[in-house]
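Peer 1: next one to model:
(chains A and B)
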Protein chains: 2
Amino acid sequence: MIKVALIGQGNVSFHLARAFRTAEKVQVSVYDSREESSKIEKYSADICIVAVSDSAIKEVSEKLQRVDAIVAHTSGSVSINELPNDYRRGVFYPLQTFTKEKELDFTNIPICVETENKDDLDLLSELAKSISKNVNKVSSAQRKSLHMAAVFANNFTNHLYQVAYDICDENKLSFDLIKPLIIETADKIRTLSPFQAQTGPARRNDVTTISKHIELLENFDRKEIYSQLSKSIQKTHGKEL
Amino acid sequence: MIKVALIGQGNVSFHLARAFRTAEKVQVSVYDSREESSKIEKYSADICIVAVSDSAIKEVSEKLQRVDAIVAHTSGSVSINELPNDYRRGVFYPLQTFTKEKELDFTNIPICVETENKDDLDLLSELAKSISKNVNKVSSAQRKSLHMAAVFANNFTNHLYQVAYDICDENKLSFDLIKPLIIETADKIRTLSPFQAQTGPARRNDVTTISKHIELLENFDRKEIYSQLSKSIQKTHGKEL
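Peer 2: Have a look, this model is predicted:
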């Protein structure tokens, strides 16, 4: 049995708690990050997971000075070295987008783990494997890049959905018309690389359509986004043209 | 029974042919766009679907002068008026991304139809409904905007996957780590609006992380895309900050 103290009230903590509760051989207690550490000490956890916002990791983890457990944060962009250096430090980063409103199946969510020694890595990996089939050893430097890749693949992608939504809305069209396209676009990368899956005016170097679109877009930011991304697609596929 | 002559050898024609073949009450024949129209005349179709590239629509449709059928193209960005004006003109635009390598279920693909009179609209809609549950009357002006929205939601989104792929590759990380995130990002918009689903540094107006990322990105185009999209997210969510 692995005893886990999960600290935090956010989306990550919410979904991790739910996943750990369904795992065999894991016993989890959830703590408010504003609580004193004495409660967690009494619980004598094997692993403390600090699932709080990046800016709160330092302060919350420092409160755990007297805990003899692996202390792991869950952030994509914070180095393992930002935890107090006399700790058994670790990182337990589930690479997914979390919203409380939407249930998630953890089984396929990649969990990126990092520790400073082999024994801690084994224990933290064991915990990760109790909820996911997709556990990976990833260094702090790699994780920083991975998190940035995730910003492109998730945050920015969602903003392009927003632009599409706004264009539909302004033209009295239902966004539902676009949803099957969005689902299929994502689904394609299960079997095709983004390079193979690329289509559209910029991919074909169809400068007439590109110019027409940029003219049709009245909003300045959209014009900029359109021309910037088209240019980048043209460069990526330039050698074939 | 609706008799359909489908003209073209591309991805759209390929997938439409497959869908029509499974439809009851539809009889389809596929023609090469380089063929003479005499074959199609002999077939005496009710509807000719010109599924060719935007730039070939005019030339291919003009060859059908002696055909007494609705002549509909399948393009998102070409006006109905670009077909010869003495025709029973129409548009039959399936809003999806098509690759030959990947099978598609047409049932949920939105089909946008347009004609110049009610009888033709009824017939073209009947054909659309034989393969899809999602048939919509969309004008040429609306369709032009819809196609542009699709460029953002599909072409540009896929290019962001490409950037994420490249970042992973350069850091010896498998792109498989990002795939579940991509699937979930798309899946979220089934139930949440893009506005509700937006997360990340720009959404939180976390200027420290934004600056760090822009610094970390060595490639100039990526820096530009990052800052452009972040700025646009900040503007979209600005009122709440």
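Peer 1: scan chain A for its longest helix.
Peer 2: helix A:220-236 (DSSP state H).
Peer 1: for it, buried residues please.
Peer 2: Using 16 or more other CB atoms under 10 Å in any protein chain shown as the test for burial, helix A:220-236 gives A:Arg222, A:Glu224, A:Ile225, A:Tyr226, A:Ser227, A:Gln228, A:Leu229, A:Ser230, A:Ser232, A:Ile233, A:Gln234, A:Thr236. Quick note: C-beta positions are derived from backbone N, CA and C, even for glycine.
Peer 1: in a markdown table: those residues, plus distance to chain B and pLDDT.
Peer 2: Below are the buried residues of helix A:220-236 laid out as a markdown table (distance: CB to the nearest CB, whole Å; pLDDT from 0 to 100):
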| residue | distance to chain B | pLDDT |
| --- | --- | --- |
| A:Arg222 | 8 | 96 |
| A:Glu224 | 6 | 96 |
| A:Ile225 | 6 | 97 |
| A:Tyr226 | 8 | 98 |
| A:Ser227 | 10 | 96 |
| A:Gln228 | 5 | 97 |
| A:Leu229 | 5 | 98 |
| A:Ser230 | 8 | 97 |
| A:Ser232 | 5 | 97 |
| A:Ile233 | 5 | 97 |
| A:Gln234 | 10 | 96 |
| A:Thr236 | 6 | 96 |
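Peer 1: which one of these sits closest to A:Gln9?
Peer 2: A:Ile225 (34.9 Å; CB to CB).
Peer 1: got the contact list for stretch A:127-142?
Peer 2: A:2, A:4, A:16, A:19-20, A:22-26, A:47, A:79-81, A:91-94, A:106-114, A:121, A:125, A:146, B:171-173, B:177, B:180 (CB atoms under 8 Å, 6 or more residues apart in numbering or on different chains).
Peer 1: narrow those to those in strands?
Peer 2: Among those, DSSP state E puts A:Ile2, A:Val4, A:Val26, A:Ile47, A:Val91, A:Phe92, A:Tyr93, A:Pro94, A:Ile111, A:Cys112, A:Val113, A:Glu114 in strands.
Peer 1: and the pLDDT at the residue lying farthest from the centre of chain A?
Peer 2: Residue farthest from the centre of chain A, counting by CA atoms, centre = their mean, is A:Thr208 at 37.6 Å. With respect to pLDDT, A:Thr208 scores 89.
Peer 1: what about it, which helix or strand?
Peer 2: If you go by DSSP states H and E, A:Thr208 is part of helix A:207-216.
Peer 1: that helix vs helix A:220-236, what angle?
Peer 2: For helix A:207-216 against helix A:220-236, the angle between stretch directions is 160 degrees (axes from the mean of the first three to the mean of the last three CA atoms, to 10 degrees).
Peer 1: list the buried residues in helix A:207-216.
Peer 2: So helix A:207-216, judged by 16+ other CB under 10 Å, has buried residues A:Thr209, A:Ile210, A:His213, A:Leu216.
Peer 1: packing partners for the helix or strand of chain A with the lowest mean pLDDT?
Peer 2: Here the helix or strand of chain A ranked lowest by mean pLDDT, DSSP states H and E is helix A:38-43, holding a mean of 86. Applying 3 or more CB pairs under 8 Å, 6 or more residues apart in numbering or on different chains; DSSP states H and E, we find helix A:38-43 packed against strand A:2-7, strand A:26-31.
Peer 1: ok, which of those comes nearest chain B?
Peer 2: Nearest of the helices and strands packed on helix A:38-43 to chain B, taken as CB to the nearest CB: strand A:2-7 at 20.2 Å.
Peer 1: show me what contacts the closest residue to A:Asn108 other than its chain neighbours?
Peer 2: Leaving aside its sequence neighbours, A:Asn108 sits nearest to B:Pro180 (CB to CB, 6 or more residues apart in numbering or on different chains; 5.3 Å). By CB under 8 Å, 6+ apart, B:Pro180 lies in contact with A:Leu95, A:Gln96, A:Asn108, A:Ile109, A:Pro110, A:Asn134.
Peer 1: show me which of those residues are buried.
Peer 2: If we count by 16+ other CB under 10 Å, the contacts of B:Pro180 have these buried: A:Leu95, A:Gln96, A:Ile109, A:Pro110, A:Asn134.
Peer 1: is the second one in contact with B:Ile182, as I believe?
Peer 2: No: no contact is recorded between A:Gln96 and B:Ile182 when judged using CB atoms under 8 Å, the distance being 10.6 Å.
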